[in-house]
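> Next one to model:
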Amino acid sequence: MGARNEQLTDMEVWIDQDLCTGDGICAQYAPDVFELDVDGLAYVKAPAPEGGEAELLTEPGATAPVPLPLLNDVVDSARECPGECIHVRRVSDKVEVYGPDAP
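Got it, this is the predicted structure:
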């Protein structure tokens, strides 16, 4: 059971802004992980430091860790995204487990 939990917490998410439609569904599902920027596109956010605000990661291909308590919300975001631009993958081997490129 410990190995399974370790594997689940070792997830990251990224958004392909070239495919993002700006609907904001991801930010509705998981506002601690996703946010729309002034350009109308969604981006991932770095974990917020203790007592601080999360940094929006606007570099192409930027990844953010997926906190275990938010995994279901992030997965739902990937499934519901009309642009099919949200990719959730394992950090250890970079295999996409949810999103358009998942097996």
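> Can you report phi and psi for the closest residue in space to residue 30 that isn't next to it in sequence?
Spatial nearest neighbour of residue 30, excluding adjacent residues (Cβ to Cβ, 6 or more residues apart in numbering): residue 73 at 4.0 Å. All C-beta spots, glycine's among them, are computed from the backbone N, C-alpha and C. Phi and psi for residue 73, reported as degrees, to the nearest 10, are phi -70, psi -40.
> so who does residue 73 touch?
29, 30, 33 (Cβ atoms under 8 Å, 6 or more residues apart in numbering).
> Reduced to three states, what does the residue positioned nearest the centre of the chain come out as?
With the centre of the chain defined as its mean C-alpha position, the nearest residue by Cα atoms, centre = their mean is residue 13, 3.4 Å away. Reducing the assignment at residue 13 to three states with DSSP: H, G, I helix; E, B strand; the rest coil gives strand.
> Surely it is in contact with residue 91?
No - counting by Cβ atoms under 8 Å, residue 13 stays clear of residue 91, with 10.6 Å between them.
> Reformat the contacts of residue 73 as TSV; add neighbour count, pLDDT and secondary structure.
Shown next, in TSV, are these (neighbours: other Cβ atoms under 10 Å; pLDDT from 0 to 100; DSSP: H, G, I helix; E, B strand; the rest coil):
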residue	neighbour count	pLDDT	secondary structure
29	21	96	helix
30	25	96	coil
33	26	97	coil
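> Let me have those residues in CSV, adding distance to residue 77 as columns.
Below are these laid out as CSV (distance: Cβ to Cβ, whole Å):
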residue, distance to residue 77
29, 4
30, 6
33, 8
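> Please, where are all the strands along this protein?
Under the criterion DSSP state E, strands of the chain are mapped to 11-15, 34-36, 42-45, 56-57, 64-65, 86-90, 96-98.
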